[in-house]
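# using only what follows, build the 3D model:
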Amino acid sequence: MAVKGKNYVESVKLFDKSKQYDPAEAIGILCKTAKAKFDETVEIHIRLGVDSRHADQQVRGAVVLPNGTGKTVKTLVFCKDDKKDDAIAAGADYAGGMEYVEKIQKENWFDFDVVIASPDMMGVIGRLGKVLGPKGLMPSPKNGTVTQNVAQAVREAKAGKIEYRLDKTNIIHCPIGKISFGEEKIRENFDTLVSAVIKAKPASAKGQYIRSCVIASTMGPGIKVNQAKLS
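Just a heads-up that it's a prediction; the model follows:
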């Protein structure tokens, strides 16, 4: 069993681990329990009452957090020459075509966080599916990263657009900011993500949709949020 550090042990004393807290109170506790010397990331973990093995119960999408994620996002845009200038002007770190396909294939190059593509480039990118897919980097129309308007997609990615999707255990894990944001901005990001997940509820989902919700900082303990206060 892993030994917990002194800060973690001290943090756990600040709240009742068995209790579920209203969102505002949970976020207040979260900010008090973050004791690391670096700016910790705030994460949310939402367990849903769906079965991700069924295609009609998938929950996936993307949302722009009002206060961003606190992370600098590097974007790679696959597009034809006529869209390259627009992509770069919007803030893309890299924009082009086959030269980047070959760079990824030959050099194992992954100096980017988000891949965006115009629809006419998907045939080219298809050959990267085996390397981009497992890293969660494959562009998709569902999260707005396959689009004619690559410049808008770049601006959204830079502004703090995040993708949410179920893992195999029917849990969504997402970063929703940094501790330095403070309670108000973390709450705004929290509410935005939770609202998006609720709107994405599949028609075929039966019974209780949000089964549990936990927030935590990188080095801090998980704090349970009362899911009845989320709908």
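# use CA for all of it now, contacts and neighbours both
OK.
# list the buried ones in stretch 136-152?
Residues 137-140, 143-147, 149-152 are the ones in stretch 136-152 that count as buried (16 or more other CA atoms under 10 Å).
# my error: substitute stretch 91-98 in the last question.
91-97.
# now do stretch 75-86
Buried, per 16+ other CA under 10 Å, within stretch 75-86: 75-79, 83-84, 86.
# any chance of the residues you listed in CSV, plus distance to A36 and secondary structure?
Formatted as CSV, the buried residues of stretch 75-86 follow (distance: CA to CA, whole Å; DSSP: H, G, I helix; E, B strand; the rest coil):
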residue, distance to A36, secondary structure
T75, 29, strand
L76, 32, strand
V77, 35, strand
F78, 38, strand
C79, 41, coil
K83, 43, helix
K84, 41, helix
D86, 40, helix
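# domain ranges for the protein?
Per automatic domain parsing, the structural domains of the chain span 6-68+161-229, 75-159.
# would you single out the least confident of these?
Among the domains of the chain, domain 6-68+161-229 has the lowest mean pLDDT, at a mean of 91.
# what is the helix or strand containing I186 packed up against?
In the assignment (DSSP states H and E), I186 maps to helix 183-199. Where contact means 3 or more CA pairs under 8 Å, 6 or more residues apart in numbering; DSSP states H and E, helix 183-199 is packed against helix 23-33, strand 60-64, strand 171-178.
# grab the nearest non-local neighbour of P66.
Excluding the flanking residues, the one nearest P66 by CA to CA, 6 or more residues apart in numbering is N189, at 6.1 Å.
# so how many other residues sit close to the one you found?
Residues near N189, counting by other CA atoms under 10 Å, number 22.
# could we number from 5 for the rest of this?
Renumbered: residue one is now 5, and that last one reads N193.
# so it sits against P179, correct?
No. Using CA atoms under 8 Å, N193 is not in contact with P179, being 9.6 Å away.
# can you show me the helices along the protein?
10-16, 27-37, 85-93, 102-111, 126-129, 133-136, 154-163, 187-203 (DSSP state H).
# mind checking which of those helices is nearest R215?
helix 187-203 (12.0 Å; CA to CA).
# what's the angle from that closest one to strand 175-182?
Counting by axes from the mean of the first three to the mean of the last three CA atoms, to 10 degrees, helix 187-203 lies at 150 degrees to strand 175-182.
# starting at the chain centroid, how far to helix 187-203?
12 Å (CA atoms, centre = their mean, to the nearest Å).
# equivalent analysis for stretch 116-123, please.
Counting by CA atoms, centre = their mean, stretch 116-123 comes out at 15 Å from the chain centroid.
# same thing with stretch 125-134?
23 Å.
# what residues does it touch?
Stretch 125-134 is contacted by residues 82-84, 101-102, 105, 109, 142 when judged by CA atoms under 8 Å, 6 or more residues apart in numbering.
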